[in-house]
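Q: Sequence and predicted structure are below.
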Amino acid sequence: MSQGVRAFGMRRSRYLGLAKTHLQHLSIAAAINLVRVGAWLDGDDLAPTCISAFQKLCFAA
């Protein structure tokens, strides 16, 4: 969801009506999947995630 909002502007629909809005969301989802497949084929690393305090404690031990 976050990627769709940042890269494709999914906050507001361009269309009125449920059917056209649904079609827009499906096309954006397909575009996001193509971007992700392209990144996977290029070997790009995933975004770093936060490490919890418990994980930091386990790594330190």
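A: Arrived safely, thanks for sending.

Q: roughly how far out does stretch 25-33 sit from the chain middle?
A: Offset of stretch 25-33 from its chain centre (Cα atoms, centre = their mean, to the nearest Å): 10 Å.

Q: So for that stretch, what gets flagged as buried?
A: For stretch 25-33, burial by neighbour count (16 or more other Cβ atoms under 10 Å) applies to 28, 32. Every C-beta, even on glycine, is put in place using the N, C-alpha and C of the backbone.

Q: same check, this time on stretch 44-58
A: Quick answer for stretch 44-58: no buried residues (16+ other Cβ under 10 Å).

Q: Pull the residues that contact it.
A: For stretch 44-58, the external contacting residues (Cβ atoms under 8 Å, 6 or more residues apart in numbering) are F59.

Q: Quick one: list the elements packing against the helix or strand encompassing I28.
A: Element membership of I28 [criterion: DSSP states H and E] is helix 18-42. Judged by 3 or more Cβ pairs under 8 Å, 6 or more residues apart in numbering; DSSP states H and E, the packing partners of helix 18-42 are helix 2-8.

Q: any idea of the mean pLDDT for the helix it packs on?
A: For helix 2-8, mean pLDDT rounds to 68.
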